[in-house]
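Participant: Okay, sequence plus prediction incoming.
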Amino acid sequence: MTQRLAGLLIILLLQTPLATAADDIPLGVMRINGLDAPGLKLDSIDGDPYDLSTTGGHWRFVHFWASWCGPCRREMPSIQRMMPLLEDTDLEFVIVNTAETEDAVFEFLGIVAPELVPLMDTDGTVTQVWMPRGLPSTFLVDPEGKVQYLALGDREWDKPAYVAFLRRLAGTDHK
Amino acid sequence: MHNKRINSLSLLTHAALALALSIASGSFVAAMEKPYPGPFFENDELLMVVIPRTAEQMAAFYEARGFPQRAIDTVTATCFVTIHIDNKSRHITWLETANWQLTSQGKTLDILGSEYWDASWEQIDLPQAFRSTFFWTQLPPVVDLHADEPVGGNIVLPGNIEHFDIEANFRTGADKQGEPLQVRFTDIECGTTQAQP
């Protein structure tokens, strides 16, 4: 509880008015004045190590989810559909499963998003440190490693407003 | 400043709560669509849905997540109610369960919060992964709900009650100085009682 309240307090302290560049921010995405992203060092479901702190220089889409969570199940296919729409950008997708087994993740993603290779937060402690407002949650981390945006709940990420927004972040909004 | 009181809703008219297990619990961070799976209040500013759970539903949900039997026993000894709230307004609405009044037969009930669960899980040495999953299925005690932001999760009460009322009080505005909102649900039947012989 203390952690949750602390996380909330940090978010509250960092919030800037939504009116700032509101026209550029799609519904449900909140700008926050970024502090350094918390640590995120995990292995993927394939066993490959990943460390967010070593992947700077481009924007990161950091997404926390679990297969038991209904909104997560609804949202994940839209992430899968969005990814090819942004493959000409250097936006990096960091998909973190919260506290589930490989079997549960494999069974779920194999059906709804087979191309996603999630990182496995097997005991949920990394998710706790990031303190999302709930699951699913998405943070957008800038090239300097600062958390700049937070998406509230599940979003239809393949809709034009979100794709255009992410393109602007990635600096490829030439379409 | 005055409270905006909303008429009580009788839960007795909502006896049939046939719910898919897939939504039996969880961090409901998504807008909910009609038909709502339980008694609700809705106006232009707020949607609040109350979904009592049976012990069987909760046991099935956590068993499917691999929780050990000793944890299931702990869960089914209590009373679970899933709450879903959408902030439909254009301002911040504060979810603060400490400002809610839960009563049964005139007595105040306390939500079993993280301290209770931490102690319970310590007692049975529940692995961290299950603790984490359980944590994310609970309604957070404090959230500054932004425009169009939903929140959801379970509140848990002691299992030795049968019926209870909820008076949910919401402050509004970033500074909490906006017009407060009050929603009341009466005569909620604790799901555990349905599960007992």
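Facilitator: It's in.

Participant: Point out where the chain drops to low pLDDT.
Facilitator: This is for chain A. Low-confidence segments of chain A (pLDDT under 70): A:1-23, A:172-175.

Participant: other chain: chain B
Facilitator: B:1-31, B:191-197.

Participant: Report the closest residue of it relative to chain A.
Facilitator: B:S132 (2.5 Å; C-beta to the nearest C-beta). Where C-beta positions appear, they are placed from N, C-alpha and C, glycine not excepted.

Participant: Stretch B:161-172: how far from the chain's middle?
Facilitator: 10 Å (C-alpha atoms, centre = their mean, to the nearest Å).

Participant: Could you list the buried residues of it?
Facilitator: Neighbour-count burial for stretch B:161-172 flags B:I161, B:F164, B:D165, B:I166, B:E167, B:A168, B:N169, B:F170, B:R171, B:T172 (criterion: 16 or more other C-beta atoms under 10 Å in any protein chain shown).

Participant: Over to stretch B:142-158?
Facilitator: Buried residues in stretch B:142-158, counted by 16+ other C-beta under 10 Å: B:142-147, B:149-158.

Participant: Near chain A, list only the ones from these.
Facilitator: The residues of these that also fall near chain A, by C-beta under 8 Å from any C-beta of the partner chain, are B:V142, B:V143, B:D144, B:H146, B:A147, B:E149, B:P150, B:V151, B:G152, B:G153.

Participant: Give the helix, strand or coil label for B:I83.
Facilitator: Of the three states, B:I83 takes strand according to DSSP: H, G, I helix; E, B strand; the rest coil.

Participant: What residues does chain A have near chain B?
Facilitator: Residues of chain A lying near chain B by C-beta under 8 Å from any C-beta: A:1, A:4-5, A:8, A:12, A:18, A:27-28, A:30, A:66, A:68-71, A:73-75, A:98-101, A:104, A:122-125, A:127-128, A:133-137, A:152-154.

Participant: May I see the ChimeraX selection of the buried members of those?
Facilitator: Remark: buried members of those, expressed as a ChimeraX selection using 16+ other C-beta under 10 Å:
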select /A:4,8,28,30,66,68,69,70,71,73,75,98,99,100,104,122,123,124,127,128,133,134,135,136,137,152,153,154
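
Participant: In strands only, show me the residues of chain A next to chain B.
Facilitator: Counted as lying in strands by DSSP state E, out of the residues of chain A next to chain B, are A:M30, A:T98, A:S137.

Participant: Ramachandran angles for A:T54?
Facilitator: Dihedral pair for A:T54: phi -100, psi 10, per degrees, to the nearest 10.

Participant: tally of neighbours for it?
Facilitator: 8 (other C-beta atoms under 10 Å in any protein chain shown).

Participant: how close does it get to A:E144?
Facilitator: Using C-beta to C-beta, to the nearest Å, we find A:T54 at a distance of 14 Å from A:E144.
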